[in-house]
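In: This is a predicted model, with the sequence first.
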Amino acid sequence: MFESFLGVNPWTALFTLLNTLTIFFVGKKFLFGPVMKMIQDRQDEIDGMYSDANAAKADAETMRCDYQAKLDNAQATSERIVKEAVARGQAREEEIIRQANAEASAIMDKASADIAMEKKKALNDAKDEISEIAMAIAGKVVGRQLNDTDQSKLVDAFIDGLGDGV
């Protein structure tokens, strides 16, 4: 009567329900499980890629910071080296100028000493010539030969008179 009223055979309905449950469990076991596992594996792989990308980005940022620090350090070092080289160059320049001035001063002192010595030598040569001339003239004027003491006194007196006039 139930069958005639609804037009459904209970055994067929039960068999259809069992088939549906069997397909559901088989599908869950062999289809949904592997598909879900595959989806989960793919999600894990994507998450791993993101974490690797983030790690690579962090490494790149660290390397950039290190590079920038090294670049700043190199620039500071190069500036320091240039400043030291300029300071050494200026110190060397001052040393060379001091040496040149000292050498010029020494040359001037030597030249002054040479001039004074040549002047003194010239005066002595002039005194000798003048004394010889004076002796010859004095010998002719006086008409006699002067002894060494008289000659020396006469020459000194003449030279002293000559030196006052110069």
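Out: Structure's in. What do you need?
In: Every contact and neighbour count from this point should use C-alpha atoms.
Out: OK.
In: quick one: the residue minimising distance to the centre of the chain from residue 114, how far?
Out: Of all residues in the chain, the one closest to the mean position by C-alpha atoms, centre = their mean is residue 81, 1.8 Å from it. Distance of residue 81 to residue 114, given as C-alpha to C-alpha, to the nearest Å: 48 Å.
In: got it, and residue 107?
Out: 10 Å.
In: now swap in residue 121 and tell me
Out: Applying C-alpha to C-alpha to residue 121 and residue 114 gives a distance of 10 Å.
In: for residue 106, same thing?
Out: 12 Å.
In: Could you do residue 71 as well?
Out: 63 Å.
In: in the chain, what spans have low per-residue confidence?
Out: Filtered on pLDDT under 70, the chain yields the residue ranges 1-8, 135, 138-148, 151, 162-166.
In: Just the strands from it, written as ranges.
Out: Ranges of strands in the chain, per DSSP state E: none exist.
In: Now do the helices in it.
Out: Counting by DSSP state H, the chain has helices at residues 2-6, 10-27, 33-142, 148-165.
In: Next, the angle from the third one to helix 10-27.
Out: Okay, so that is helix 33-142. 20 degrees (axes from the mean of the first three to the mean of the last three C-alpha atoms, to 10 degrees).
In: Would you pull up how far helix 33-142 lies from the middle of the chain?
Out: In terms of C-alpha atoms, centre = their mean, to the nearest Å, the gap separating the centre of helix 33-142 from the centre of its chain is 10 Å.
In: Tell me the helices and strands packed up against it.
Out: Using 3 or more C-alpha pairs under 8 Å, 6 or more residues apart in numbering; DSSP states H and E as the contact test, the elements touching helix 33-142 are helix 148-165.
In: The residue nearest to residue 127 when sequence neighbours are not counted: neighbouring residues, count only.
Out: Among residues not flanking residue 127 along the chain, residue 159 sits closest, at 6.7 Å (C-alpha to C-alpha, 6 or more residues apart in numbering). Residue neighbour count, defined by other C-alpha atoms under 10 Å, stands at 18 for residue 159.
In: just residue 53 next, same as before
Out: 12.
In: What of residue 131?
Out: Residue 131: 20 neighbours (other C-alpha under 10 Å).
In: again with residue 125
Out: That count, for residue 125 with other C-alpha under 10 Å as the rule, works out to 12.
In: Check the one 5 residues further on too.
Out: Other residues near residue 130 number 16, with proximity taken as other C-alpha under 10 Å.
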